[in-house]
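J.: Next come a sequence and a model predicted from it.
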Amino acid sequence: MNAKRILVASLLLLSLLFAIWFRGDRHLAASLLVFAAPPLLLAAGVLRGAKPAAFWAGVLALPWFCHGVMVAWSRSGEAGWAWAEIVLSLAVVLASNWPGLHARFGRKKGAAG
């Protein structure tokens, strides 16, 4: 599985996670707009091949990670959701940066091993 597929899958799962997690929220529309919509839109951008979408997914993974850590630390009843958010945000960071990491640190063609 390549980095683009992992990134799209992680973003879609993150959007689904937020949609399910906040389904009973009093402010459902605001929750979906703030939490579920951005990863969904970024996944669509990555599928279209827009390079800024992968960049912004990596950038937005930081607040998602921080939110997950904060919730896991402060609300034990939502820890499962928060840990899923943490794992998915880390997957987004890794997948969005993998092409650059591979270009920088990957084995060069013709290089002796």
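T.: Cool, the structure landed.
J.: from here on, contacts and neighbour counts on C-alpha atoms
T.: OK.
J.: What are the buried residues along stretch 48-57?
T.: Buried positions in stretch 48-57, judged by neighbour count with 16 or more other C-alpha atoms under 10 Å: 53-54, 57.
J.: Please report the distance of the residue lying closest to residue 16 once chain neighbours are set aside from residue 102.
T.: Leaving aside its chain neighbours, residue 16 sits nearest to residue 36 (6.9 Å; criterion: C-alpha to C-alpha, 6 or more residues apart in numbering). For residue 36, the distance to residue 102 equals 30 Å [C-alpha to C-alpha, to the nearest Å].
J.: Quick one: mean pLDDT for the longest helix belonging to the chain?
T.: Longest helix in the chain by number of residues, with DSSP state H as the criterion: helix 79-105. Helix 79-105 comes out with an average pLDDT of 92.
J.: Kindly format the C-alpha coordinates of stretch 41-56 as PDB.
T.: Extracted C-alpha coordinates of stretch 41-56, given in PDB (Å, rounded to 0.1, in the frame of the first residue of the first chain):
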ATOM      1  CA  LEU A  41     -12.300  17.500   2.200                       C
ATOM      2  CA  LEU A  42      -8.500  16.900   2.500                       C
ATOM      3  CA  ALA A  43      -9.000  13.200   1.500                       C
ATOM      4  CA  ALA A  44     -10.900  14.400  -1.600                       C
ATOM      5  CA  GLY A  45      -8.000  16.800  -2.400                       C
ATOM      6  CA  VAL A  46      -5.400  14.100  -2.000                       C
ATOM      7  CA  LEU A  47      -7.400  11.800  -4.300                       C
ATOM      8  CA  ARG A  48      -7.500  14.600  -6.900                       C
ATOM      9  CA  GLY A  49      -3.700  14.900  -6.700                       C
ATOM     10  CA  ALA A  50      -3.600  18.300  -5.100                       C
ATOM     11  CA  LYS A  51      -0.200  18.500  -3.300                       C
ATOM     12  CA  PRO A  52      -1.400  21.300  -0.900                       C
ATOM     13  CA  ALA A  53      -4.000  18.900   0.400                       C
ATOM     14  CA  ALA A  54      -1.300  16.400   1.600                       C
ATOM     15  CA  PHE A  55       0.600  19.300   3.100                       C
ATOM     16  CA  TRP A  56      -2.400  20.700   5.000                       C
END
